[in-house]
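# predicted model, plus sequence, below.
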Amino acid sequence: MSNLAVTVLPAAVVGLSAGLYAYAGMWPTSQIFGATVQSGSDPNEIALTYDDGPSPAHTPELLDILAAHNARATFFLVGNHVLRHPQLARRIVEAGHLIGNHTQTHPNLFFSSLDRVRLELDLCQNTLFDTTGVTPAFFRPPFGGRRPDVLKAAREIGLTPVLWNVTAHDWVATQGPDKILAYVDHGLAANRKQGRGSNILLHDASHLDTLVESHSRKATLEVTRRLLARPGLRFTTPEAWL
């Protein structure tokens, strides 16, 4: 074997290993690094999950929409956003929705030290309890980023990790409701084909700013209305899938 071949082969192996590691730690449906809650086995069962809130620009209207349809959703809250808008966090809980830990400041835990991971989870857990009186039992890593030790740290404080299997791409500023709904419908169809329910990733805020109104977040509200109006769907929360 030539020197060039000897050099290229290890480089290829390293590249493949890095790709697999990134897939394991960032792809939402990967279970390589440990089990996470995805969905149930009923294709008509839908979990509406909203990340990065609460936001005074969007959360109140979203809560009104959910209430009008008597639907329960899941809000993965950022601790610092809860500190800014405690009344909204309390309103979410008082409306009967499930809240989850989405860290205190929204870092990508895939790249964070274990000490930072623990601090982010602990601070958010304490913030949510102090504000709402609820100790969350569920956790969603920002960007989906996790490692085995991240999942272990979450479980050590009583948190069950929840990812998603439908991505709405509603964080893209130029997305309107038709485009977002097309992404959702594609995911719903894929899950139905696999005989499983759908866990939809949506957002009621940006992790960067909770105050600014966003075209895409407004579109998310319309998408929520359209989904809730569809016959035959049952809306649930991840706790039903344990």
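Here it is on my side, so go on.

# other residues contacting the helix or strand hosting L151?
In the assignment (DSSP states H and E), L151 maps to helix 148-156. With contact meaning CB atoms under 8 Å, 6 or more residues apart in numbering, helix 148-156 is reached by 33-34, 36, 101, 109-110, 112, 114, 117-118, 121, 139, 141, 160-161. The way it works is simple: take the backbone N, C-alpha and C, and place the C-beta from them, glycine included.

# centre of the chain versus the helix or strand following it, how much separation?
Next helix or strand after helix 148-156 toward the C-terminus (DSSP H and E): strand 160-161. Distance of strand 160-161 from its chain centroid, counting by CA atoms, centre = their mean, to the nearest Å, is 11 Å.

# repeat that for stretch 203-220.
15 Å.

# thinking again about what came up before, tell me the mean pLDDT for the helix holding L151?
The pLDDT scores in helix 148-156 average 98.

# what segments of this protein are helices?
Along the chain, counting by DSSP state H, helices occupy 3-26, 59-68, 79-84, 86-94, 114-132, 148-156, 177-193, 215-228.

# can you redo the ones you listed as CSV with distance to T105 and mean neighbour count?
Below are the helices of the chain laid out as CSV (distance: least, CB to CB, whole Å; neighbours: other CB atoms under 10 Å):
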stretch, distance to T105, mean neighbour count
helix 3-26, 19, 11
helix 59-68, 19, 17
helix 79-84, 6, 20
helix 86-94, 16, 18
helix 114-132, 7, 18
helix 148-156, 15, 17
helix 177-193, 26, 16
helix 215-228, 20, 19
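
# CSV for those helices, including distance to G53?
Putting the helices of the chain into CSV (distance: least, CB to CB, whole Å) gives the following:
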stretch, distance to G53
helix 3-26, 22
helix 59-68, 5
helix 79-84, 6
helix 86-94, 7
helix 114-132, 12
helix 148-156, 20
helix 177-193, 17
helix 215-228, 10
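
# D52: which of these is closest?
helix 79-84 (7.1 Å; CB to CB).

# so where's this structure shaky on pLDDT?
1-16 (pLDDT under 70).

# re earlier: next, the angle helix 114-132 makes with the helix holding L151.
30 degrees (axes from the mean of the first three to the mean of the last three CA atoms, to 10 degrees).

# what's the neighbour count on H203?
21 (other CB atoms under 10 Å).

# if I look at it, how far off is V37?
19 Å (CB to CB, to the nearest Å).

# and K193, by the same measure?
K193 is 21 Å from V37, by CB to CB.
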